[in-house]
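Enquirer: compute the structure for the input listed below.
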Amino acid sequence: KKASQAFKNICIKCAYRLKSTEIVGELINATSVVVMKACVNQGDAAQCKDIVEGISRLISLMKPQEASLCAQQLLGPIVNQLETFYMSSTQGNGNFNLAAGLELFASSIRYFEFSGSQSSHPTVIMLNKAWPFFERVMNSSE
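Expert: Numbers count the residues shown, from 1 in each chain. Take a look at the predicted model:
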């Protein structure tokens, strides 16, 4: 937990030196195993959120087009993993913690404040990509 908090703090304090697409891409690659492991266990949600939040704060400092690419790199695997867990749980192969999944997704887009076209806003792009998953979850709970 302390390591993930330190990572987030470094991302915040050194943001203007770390905000390039290359560095953010490398950070995503370097932390993806930890993030996916936390998603699998779903008990390490705080650790996962710190890492994702640190990277998302870097993404929020980029130009919208670059931010969209990095956001997809960060969130794509998370949404895929959440969907896998959800599908597995609906077939009786485990439990799915929807609240933890939504909290992780929200922590990744919370700091995305971009000006300009709303249709190219990284949050809108990510919500559009994740919407089929959210829609399946909502429809299955009715």
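Enquirer: what about the helix or strand bottoming out on mean pLDDT in the chain, distance to the chain center?
Expert: Considering only helices and strands, the least confidently modelled element of the chain by mean pLDDT, DSSP states H and E is helix 98-109, at a mean of 79. Its chain's average C-alpha position is 7 Å from that of helix 98-109, according to CA atoms, centre = their mean, to the nearest Å.
Enquirer: what residues of whatever helix or strand comes next after that helix count as buried?
Expert: The first helix or strand that comes after helix 98-109 along the chain, using DSSP states H and E, is helix 122-140. Residues of helix 122-140 classed as buried by neighbour count (16 or more other CB atoms under 10 Å): 122, 123, 124, 125, 126, 130, 133, 134, 137. Backbone N, C-alpha and C define where each C-beta goes, glycine included.
Enquirer: where does the chain have low pLDDT?
Expert: In the predicted model, the chain carries pLDDT under 70 at residues 38-44, 92-97, 115-119, 141-142.
Enquirer: between the longest helix anywhere in the chain and helix 98-109, how big is the angle?
Expert: Of all the segments assigned as helix in the chain under DSSP state H, the longest by residue count is helix 64-90. For the pair helix 64-90 and helix 98-109, the angle between their directions (axes from the mean of the first three to the mean of the last three CA atoms, to 10 degrees) equals 170 degrees.
Enquirer: residues in contact with the closest residue to residue 109 other than its chain neighbours?
Expert: Residue nearest to residue 109 in three dimensions, not counting chain neighbours: residue 123, with 4.8 Å by CB to CB, 6 or more residues apart in numbering. If a contact means CB atoms under 8 Å, 6 or more residues apart in numbering, then residue 123 has 71, 109, 112 as its contacts.
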